[in-house]
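*Asks:* Following is a predicted model, sequence given first.
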Amino acid sequence: MSISACSQAPKHPVEDHSQTKAAGHHKDFNPEVFKKKFETYITKEAALTPQEAAIVLPLFHEMKTQQRNIQGIIHRACKRANEPSLSEKDAAIIFKEVIRLQKQSNNLETAYYERMAKVVSKQKVLHIMKAEHQFSRYIFRKMAAQK
């Protein structure tokens, strides 16, 4: 697989706009509908069998949940940088913690992709990674266009 194959223009993974309001989310966002569309897109783009998808997708969601938790901690730590009384010493402590958490998130992602590669081929894991990136870009662009 060539580098250019990874950078092909993404297809539009989400076309159905019939999402309903969910607590704490954008008025048109339904997490269950989003998850289903995401899983359908990943399964199709990575050519996963139903058996492979049944194993790999829960691993993927588990990884993303843990990464979101880490990102939440990073976000709260970075918000402290806005405190007027924050000393350089405290900033250095927060900085080190943020770097440690970013490394933890990267290591977590690596570990999960390696686990996935024990279930499906490395080629399919690369396709999963590519499809997730395409799906995320499409959603981000769609959200940006709505503002």
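*Replies:* Here it is on my side, so go on.

*Asks:* what's the distance between the residue lying farthest from the centre of the chain and Val120?
*Replies:* Within the chain, Ser85 marks the point farthest from the mean C-alpha position, 34.1 Å out by C-alpha atoms, centre = their mean. From Ser85 across to Val120, the span is 51 Å (C-beta to C-beta, to the nearest Å). C-beta coordinates here come from the backbone N, C-alpha and C atoms, glycine included.

*Asks:* What ranges in this protein fall below the confidence cut-off?
*Replies:* Applying pLDDT under 70 to the chain flags residues 1-27, 147.

*Asks:* Is the residue farthest from the centre of the chain in a helix, a strand, or coil?
*Replies:* coil (DSSP: H, G, I helix; E, B strand; the rest coil).

*Asks:* Torsion angles phi and psi at it?
*Replies:* With angles defined as degrees, to the nearest 10, Ser85 sits at phi -90, psi 10.

*Asks:* ditto for the one 3 residues further on
*Replies:* Torsion angles at Glu88 (phi, psi; degrees, to the nearest 10) stand at phi -60, psi -30.

*Asks:* Quick check: the residue farthest from the centre of the chain vs Arg141, distance?
*Replies:* Relative to Arg141, Ser85 is positioned 39 Å away (C-beta to C-beta).

*Asks:* packing partners for the one helix or strand Ser136 maps to?
*Replies:* For Ser136, the element it lies in under DSSP states H and E is helix 122-146. When contacts are defined as 3 or more C-beta pairs under 8 Å, 6 or more residues apart in numbering; DSSP states H and E, helix 122-146 packs onto helix 31-45, helix 50-79, helix 88-116.

*Asks:* Contacts only, for Ala47.
*Replies:* Each residue near Ala47 by C-beta atoms under 8 Å, 6 or more residues apart in numbering is listed here: 124, 127.

*Asks:* Tell me the secondary structure at it.
*Replies:* Here Ala47 takes the coil state, with states given by three-state DSSP.
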